[in-house]
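Visitor: below are the sequence and a predicted model for it; my questions follow.
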2 protein chains.
Amino acid sequence: MCFTALMRTSELFDLLRDGRPRTRAELARTAGVARSSVAAHIDALTRLGYVAPVGDAASTGGRPASLFALNPAARLVVGVDVGATHVLVELADLAGAPLGDARADLDVAEGPEAVLGWIVDAVQRLVAEHGREPREVVALGIGLPGPVEHATGMPISPPIMPGWHRFDVAGHLRERLGCPVLVDNDVNIMALGEQRTAWPETDDFVLVKVATGIGAGIISGGRLQRGAQGTAGDLGHVRVPGSSAPCRCGNEGCLEAVAAGPAIAAALREQGLEVEGTGDVVALARLGSVEAARALRQAGRDLGEVLAMLVNLVNPSVIVIGGRLAGAGEDLLAGISEVVYRRSLPLATEHLRIAASTTQADAAVRGAVALAIEHALSPEVLDAETRAMA
Amino acid sequence: MCFTALMRTSELFDLLRDGRPRTRAELARTAGVARSSVAAHIDALTRLGYVAPVGDAASTGGRPASLFALNPAARLVVGVDVGATHVLVELADLAGAPLGDARADLDVAEGPEAVLGWIVDAVQRLVAEHGREPREVVALGIGLPGPVEHATGMPISPPIMPGWHRFDVAGHLRERLGCPVLVDNDVNIMALGEQRTAWPETDDFVLVKVATGIGAGIISGGRLQRGAQGTAGDLGHVRVPGSSAPCRCGNEGCLEAVAAGPAIAAALREQGLEVEGTGDVVALARLGSVEAARALRQAGRDLGEVLAMLVNLVNPSVIVIGGRLAGAGEDLLAGISEVVYRRSLPLATEHLRIAASTTQADAAVRGAVALAIEHALSPEVLDAETRAMA
DNA sequence: GCACTTTTGTCGAGCAACCGACGAAAGTTG
DNA sequence: CAACTTTCGTCGGTTGCTCGACAAAAGTGC
């Protein structure tokens, strides 16, 4: 029977996760154990490399205490963002700081073997370029543009990823790279990335990606919400009140048929403007086009109708708008805010903030890195490693 | 440094939580420790009362092994369901089995002192009636008809609970009853109750309560989703596509203004029927009224529009319809299913089940009891008690 | 009733982790 | 440079958990 209030090494490590250096005495006080015990744990963590001394504290009249902190260089992690037509691989340290990346214009429709093969090569190349060992990579996080069963690491009937259905992405990569692999939806990892970098205090967070499609990543109670089949957050085919536009999905009035990039482009074309795709809409808006501004504001209002509902259902305290269209100026955001604050419950909007994404292009890969780090530094993994070394 | 794979007493207890009796050898095998160690832990749990011997297993040729199981009678818990015009208090054992209850037609608008005072009296009376000691009550769960900040146990601007805003419900009850108090929204505890009793395997679950108002309790990834202000799941004032009916909230097209009890009653009155409130609608439907059936089916379709969106956002695997209107026959459910399966993404509806509540009136108080039990038998609480006894 | 089987309870050995102490180390102050 | 202060590293003592052993207990089968 374990009656003593014992300490797992990971508990001590958790106190150092924030990166702030601390003395042994400080740690002993907060953990409530003797200094000598802390010293032993710190020793073990130092031998594993996860913690390193970072100089001395200012002396208070006697021998200065040495400071210890998380050692980001101890291991490597990899984050991967797979888009419809691109792949981005990033090597990072345990603090999430990027060390180097590789990108390719690769179509996801080329199938899992081609895409994952390129990723494996890129990881091995990046590791070698930095003079590190492949076995130093302790986890890889990857986001895919479709529904993913997170527990098994397999895509489930992804619409734009032919050949990927039930392909064992996690197993395939783990076998070739020899590290645990965390697979998730790309909007989910964008949400994670944005939340971890820009809104770390917020436990109830939603990221809405507006581009060619529309999707949301929902973090509730501090945890990513994935749903039963991994399709949670699919805003694109929610019906917008007052619209009956036909959608490629067969239904009508879908949000995507009104407020996504192609829909806005089509609306502008009807006004006689030369607009092809999402990129042209953004370009036009940046040039100060009144028509584009108006179209974006209307798209924002339509999005707002759906987000008002999401606010009532999920009650987040922050909504961030990301995706290419978020970079087209203030109009989209203004339209959204206008409707959300009018249509949602006052109690839910009282402390609600709506903002544009700050990390933008990086968010997804940042989230993938975060996913990997959180696995690699989890108590289970850490304690297992401590035990193995003893 | 804790390198040994040690066992906390609560770990062993978790193996017995399901109520199935087991032998010491069986437990030792699944936990991966020596028989004698298991014996020591079982001993401690038996002394605390949480575990008790329940006879012998069939002999396999030698001395029969004695079986141990969770002892539900070891402690008491209380579940409380506070509605707009009623209060229900239930005393239960650690298996969640009801021992006795007390109910009162009390208006929640009478304020916290009156309502909570009655609850305290009822609990003490129930405990005495069963010849038990007040200190045997180890936790109380309570659901309130409005937004609740679960962490602090306070209602936040509840619309139908004048005088309750930021009243310290948890503190008030804890002080008078001497046990931890868990406070939550009433729809949330209904969801918890329904899920724990009827759908224990389901991690992504939604309960929709349809009565005078409309609300949802969302369980996602096995956890209740409460949101930033505790208002998550507020379906009532979501806008229904194609409706512009004025709502008491000031907006128009709200779900409640179309599909809740009063709205259906009003629709039937327009057809010349004598219908007052929600109760009359249910009564009429049960008598086989064609008009009521049609109205309920239409309400179901409107609800379906909103639930289709919820399915896309949350991706549950089960939706249960509860509340008084769920007892009015198949028409409401039929209308809901019709629209949800048409309007939601195929992937999300593929394994989705929509069903009527089975526990009905009990669900809320069952959920409150579940909340209390889960706190009382949590590893933290249990290990603390083990340590205190030593 | 006797031999055999299996579990039970007890007990001592082993061991891992925690603690407090003590001398050495490394600063500051005058 | 000496006195003082504070931390560091080490070490022995203690605690408390785990394990395996062994005899007693409680069944079965002939």
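Guide: Arrived safely, thanks for sending. Numbering: from 1, shown residues only, chains lettered A, B, ... in the order given.
Visitor: what segments of the stretch 201-350 of chain A are strands?
Guide: Secondary structure of the stretch 201-350 of chain A (DSSP state E, counting those that start in this stretch): strands at A:205-210, A:214-220, A:223-224, A:318-322.
Visitor: the longest one vs strand B:214-220, what angle?
Guide: In this structure, strand A:214-220 runs at an angle of 80 degrees to strand B:214-220, with axes from the mean of the first three to the mean of the last three CA atoms, to 10 degrees as the basis.
Visitor: can you list the residues of chain A near DNA strand C?
Guide: Proximity of chain A to DNA strand C (CB under 7 Å from any atom of the strand) is limited to residues A:4, A:6-7, A:33-34, A:36-37, A:40-41, A:56, A:59, A:61-64, A:390. C-beta coordinates here come from the backbone N, C-alpha and C atoms, glycine included.
Visitor: could you flag which of those residues are buried?
Guide: Burial by neighbour count, judged by 16 or more other CB atoms under 10 Å in any protein chain shown, picks out A:Met7, A:Val33, A:Ser37, A:His41 from the residues of chain A next to DNA strand C.
Visitor: what's the farthest-apart pair in these?
Guide: The distance between the two most remote of those (CB to CB) is 8.6 Å, for A:Val33 and A:His41.
Visitor: and for those two, which residues touch both?
Guide: By CB atoms under 8 Å, 6 or more residues apart in numbering or on different chains, A:Val33 and A:His41 have these common neighbours: A:Met7.
Visitor: which pLDDT does the model give A:Thr4?
Guide: We have a pLDDT of 51 for A:Thr4.
Visitor: list just the nearest of the residues of chain A next to DNA strand C to chain B.
Guide: For the residues of chain A next to DNA strand C, the residue nearest chain B by CB to the nearest CB is A:Ala390; the value is 4.4 Å.
Visitor: got a pLDDT number for the closest one?
Guide: What the model reports as pLDDT for A:Ala390 is 66.
Visitor: and A:Thr152, how close does it get to A:Val181?
Guide: 11 Å (CB to CB, to the nearest Å).
Visitor: now do the shared contacts for those two.
Guide: Common neighbours of A:Thr152 and A:Val181 (CB under 8 Å, 6+ apart) are A:Ala170.
Visitor: who's more crowded, these two?
Guide: For A:Thr152 versus A:Val181, the count of surrounding residues by other CB atoms under 10 Å in any protein chain shown is larger for A:Val181: 24 against 14.
Visitor: check contacts around that one.
Guide: A:Ala139, A:Leu140, A:Gly141, A:Ile142, A:Gly153, A:Val169, A:Ala170, A:Gly171, A:Leu173, A:Arg174.
Visitor: ok, now with 7 Å
Guide: For A:Val181, the contacting residues are A:Leu140, A:Ile142, A:Gly153, A:Ala170, A:Leu173, A:Arg174, by CB atoms under 7 Å, 6 or more residues apart in numbering or on different chains.
Visitor: which single residue of the stretch 151-300 of chain A ends up nearest DNA strand C?
Guide: Using CB to the nearest atom of the strand, the single residue of the stretch 151-300 of chain A nearest to DNA strand C is A:Pro180, 24.2 Å away.
Visitor: okay, now that residue: neighbour count?
Guide: 18.
Visitor: who's the closest residue to it other than its chain neighbours bridged to?
Guide: Leaving out its chain neighbours, the residue that sits closest to A:Pro180 by CB to CB, 6 or more residues apart in numbering or on different chains is A:Ala139, at 5.1 Å. Beta bridges link A:Ala139 to A:Val77, judged by DSSP bridges.
Visitor: doesn't A:Ala376 make contact with A:Ala139?
Guide: Yes: A:Ala139 lies in contact with A:Ala376 (CB atoms under 7 Å); the separation is 4.1 Å.
Visitor: DNA strand C versus the residue nearest to A:Pro180, what's the distance?
Guide: Noted for A:Ala139: a distance of 25 Å to DNA strand C, by CB to the nearest atom of the strand, to the nearest Å.
Visitor: which residues does that residue contact?
Guide: The neighbours of A:Ala139, taking CB under 7 Å, 6+ apart as the test, are A:Val77, A:Cys179, A:Pro180, A:Leu182, A:Ala372, A:His375, A:Ala376.
Visitor: what about these, which are in strands?
Guide: A:Val77, A:Leu182 (DSSP state E).
Visitor: need the contacts of A:Ala139 in CSV (columns: distance to DNA strand D and pLDDT).
Guide: Formatted as CSV, the contacts of A:Ala139 follow (distance: CB to the nearest atom of the strand, whole Å; pLDDT from 0 to 100):
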residue, distance to DNA strand D, pLDDT
A:Val77, 29, 98
A:Cys179, 30, 97
A:Pro180, 27, 98
A:Leu182, 32, 98
A:Ala372, 32, 98
A:His375, 27, 97
A:Ala376, 27, 97
